[in-house]
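Student: structure, please.
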Amino acid sequence: MNVLLFVALLLPCQSGGKIVKNSDVLVSQDWSDRSRVISLTPSEKWTDGVAWILATRDREHACWKGVYTFLRPSNDSEDLIYLRIGLTRRYDYTTNDDFEMTWKMNPKFKPQGMLLEIPLESSSVPQEILTASITSVFYVDESGKETTRRAEPEGFLQSLAGTGDVITLRDPETVRIGETLRLRGGNNGLQTINFPDLLPPGFRNRQDKQKVVTNFRPDGNSSIEKLWTQAKQSGNPKEVLEISNILLKLDSNRAELHHFRGWAYAQLNEHQNAVDSYSRAVELNSRSGSLLRSRAIEYSKLKKYSHAKADCISALQLEPNNSYCLNQLAWLLATCPDATVRDGTLAVKYADKVCQQTMFKDWTYVDTLAAAYAEARDFRRAVYWQTEALELLTEEKSREGLTERLALYKAEKAYVEP
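Tutor: So this is what the prediction gives:
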């Protein structure tokens, strides 16, 4: 059903109808529950703009980006508004080829949208808690507008017409139809759901904006902070390093600055400096598994494998079901150049756990499981799972490496990183 058939666009100063009071809180802060954050950034007016939904489920992190529009019921006696969200992109927090955490756009995501009904209180938006009911879900096009998806034509009549049956969206990724959300307003929702420090590309953190106002005055320093945010989003390590160093002179106790400085040093192959920066960040934020995982990678590049193992174990203690923690530790135990660090039995334990969590559908984790079995000298299973990894492979540039490891396992040899 097209929502525009029964709602009319809500304007901030609409004539001849009710004015929605306190409307600015809908876009001036984020709204979150225990597992997700809805963040709206207005364009020219508050009624429409860019929408983000960020979620943490079973220690996995994902986010969706799209557009939003606030709408008013055609029946002005109803004291409510509608929020229409069309999500066009999905990003997953995963590892790259260097086993570093990063955000990747999911090419399999089918754009989808939802309509949320939000009750008002005497024509005013509640300031602290929003109740939002999911009244409908639907497919959208690349611009976020509702669209109809059809299956391939079947049978003579459908082939003649050139159209198949309409596909109904029954399993949306972010919500359930009929679900009622209870969302709390504020700017610390990402901390509530334990979202990664590394934010999705293009997402602006409201909490960072507040820190600019609070911690960096006069306005000239706020400009530097803005440049730093832009440098992070561009992924330019030299810019991130330069501006981070300036900001650290103003406030040396910001863990995120040390974190991103460590990332910049890592990209520039200055691994000891990266370790030093990550270590300072860990001192300031000892509960961050992502910091420990990042430092473990740099320790490995410095051939300090026992230190890397210790960091992986500490990260796993903080997040015992985190897939990235499990996989990173399993890979190190299976393939470490230092024989004293390798442990095939433990590697199989952790690799099997992460594969079970992901239903054995992620080729990177299945690849790790195969390497673990090879280190445990169970080459029959190593060959089986490496073959499975090749069938699941989604990145052709990695095929050569997986194929070479399969040959090793067939020759009853374990893979050890060079």
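
Student: Phe203 contacts Ser39, correct?
Tutor: Yes: counting by C-beta atoms under 8 Å, Ser39 is a contact partner of Phe203 at 7.5 Å. To be clear about C-beta, it is placed using only N, CA and C from the backbone, and glycine gets the same treatment.

Student: so between those two, which is more surrounded?
Tutor: Using other C-beta atoms under 10 Å, the more surrounded residue of Phe203 and Ser39 is Ser39, with 24 against 17.

Student: number of residues surrounding Arg380?
Tutor: 10.

Student: could you measure from it over to Val366?
Tutor: Arg380 sits 15 Å away from Val366, taking C-beta to C-beta, to the nearest Å as the criterion.

Student: and what of Tyr82?
Tutor: 43 Å.

Student: for those two, indicate the residue with more neighbours.
Tutor: It is Val366, of Tyr82 and Val366, that has more neighbours when counted by other C-beta under 10 Å, with 26 against 21.

Student: tell me the contacts of the more buried one?
Tutor: Residues in contact with Val366 (C-beta atoms under 8 Å, 6 or more residues apart in numbering) are Cys355, Phe360, Trp385, Gln386, Glu388, Ala389, Leu392.

Student: among those, name the ones in helices.
Tutor: Judged by DSSP state H, the contacts of Val366 include Cys355, Trp385, Gln386, Glu388, Ala389, Leu392 as members of helices.

Student: what about the fourth one, how many residues nearby?
Tutor: When counting by other C-beta under 10 Å, one arrives at 18 neighbours for Glu388.

Student: which SSE is the residue lying closest to it once chain neighbours are set aside in?
Tutor: Closest residue to Glu388 apart from its sequence neighbours, by C-beta to C-beta, 6 or more residues apart in numbering: Val366 at 5.3 Å. Using DSSP states H and E, the element containing Val366 is helix 363-375.

Student: what about that helix, average pLDDT?
Tutor: Averaging pLDDT along helix 363-375 yields 96.

Student: how far off centre is it?
Tutor: Mean C-alpha position of helix 363-375 versus that of the full chain (C-alpha atoms, centre = their mean, to the nearest Å) differs by 24 Å.

Student: tell me which two in the ones in helices among the contacts of Val366 are the farthest apart.
Tutor: The span of these, defined through C-beta to C-beta, is set by Cys355 and Gln386 at 12.8 Å.

Student: higher neighbour count, those two?
Tutor: Counted by other C-beta under 10 Å, Cys355 and Gln386 do not tie: Gln386 has more neighbours, with 27 against 23.
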